[in-house]
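**Student:** model the structure of this input:
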Amino acid sequence: MGLSVTKGKLDGVLVIEPPTNFEDFRGEYIEIYNEAIYREAGITASFIQDDISVSSQNVLRGIHGDDATWKLISCLHGKFYFVVVNMDPDSPQYRKWESFTLSDKNRLQVLVPPKFGNGHLVLSETAIFHYKQTTSYDRARQFTVLWDDPEVNIFWPHRNPIISMRDAGLA
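**Tutor:** Below is the predicted model of the structure:
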């Protein structure tokens, strides 16, 4: 039982196929995290908190991050367009972005390093966004990149998403 890990275009970003994804006449069984297997694959982050967000179609959440937290992102239900932005000013890839489609069909995961922001746009009727993180949530420590920042110039498949005041830069 191995873990399939590929590197993203941005340094430090990894795309992961979970170690177990079994389907039969009863349904599916997916192992979305196993510390021993992930460590064997070189993913040594110590996750201490799990969170989910449930959102409706065309909701865009993010782009948020901080300088300390590793995040392992999964889609438990539905489908979303997931964006990662390098916000490390010392990196040659500063303000570069990469996108992925995560769903309950492909079961892909994305490992997001510290100093990277992430956001997602829900493509299905609803979606459940799951993330493991290596620090406790602390909004005061986070940065926000506006979803439509012209300098970052992210492509979003929907031009008029539903966003929070924070993600609109108003709070």
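
**Student:** CA only for contacts and neighbour counts going forward, please
**Tutor:** Will do.

**Student:** looking at the protein, which residue lies furthest from center?
**Tutor:** Phe25 (30.4 Å; CA atoms, centre = their mean).

**Student:** who's in contact with the helix or strand containing Leu76?
**Tutor:** Assigned by DSSP states H and E, Leu76 falls within strand 71-77. Contacts to strand 71-77, defined as CA atoms under 8 Å, 6 or more residues apart in numbering, come from residues 32, 102-104, 107-113, 126-134.

**Student:** hey, where'd the strands end up in this protein?
**Tutor:** Per DSSP state E, the chain carries strands over the ranges 4-7, 14-17, 20-24, 27-31, 49-56, 60-65, 71-77, 79-86, 97-103, 109-112, 116-122, 126-133, 143-144.

**Student:** possible to save those strands as JSON lines with mean neighbour count and mean pLDDT?
**Tutor:** As requested, the strands of the chain are exported to JSON lines (neighbours: other CA atoms under 10 Å; pLDDT from 0 to 100):
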{"stretch": "strand 4-7", "mean neighbour count": "14", "mean pLDDT": "96"}
{"stretch": "strand 14-17", "mean neighbour count": "19", "mean pLDDT": "97"}
{"stretch": "strand 20-24", "mean neighbour count": "11", "mean pLDDT": "88"}
{"stretch": "strand 27-31", "mean neighbour count": "10", "mean pLDDT": "92"}
{"stretch": "strand 49-56", "mean neighbour count": "14", "mean pLDDT": "97"}
{"stretch": "strand 60-65", "mean neighbour count": "23", "mean pLDDT": "96"}
{"stretch": "strand 71-77", "mean neighbour count": "23", "mean pLDDT": "98"}
{"stretch": "strand 79-86", "mean neighbour count": "25", "mean pLDDT": "98"}
{"stretch": "strand 97-103", "mean neighbour count": "19", "mean pLDDT": "98"}
{"stretch": "strand 109-112", "mean neighbour count": "24", "mean pLDDT": "98"}
{"stretch": "strand 116-122", "mean neighbour count": "25", "mean pLDDT": "98"}
{"stretch": "strand 126-133", "mean neighbour count": "21", "mean pLDDT": "98"}
{"stretch": "strand 143-144", "mean neighbour count": "18", "mean pLDDT": "96"}
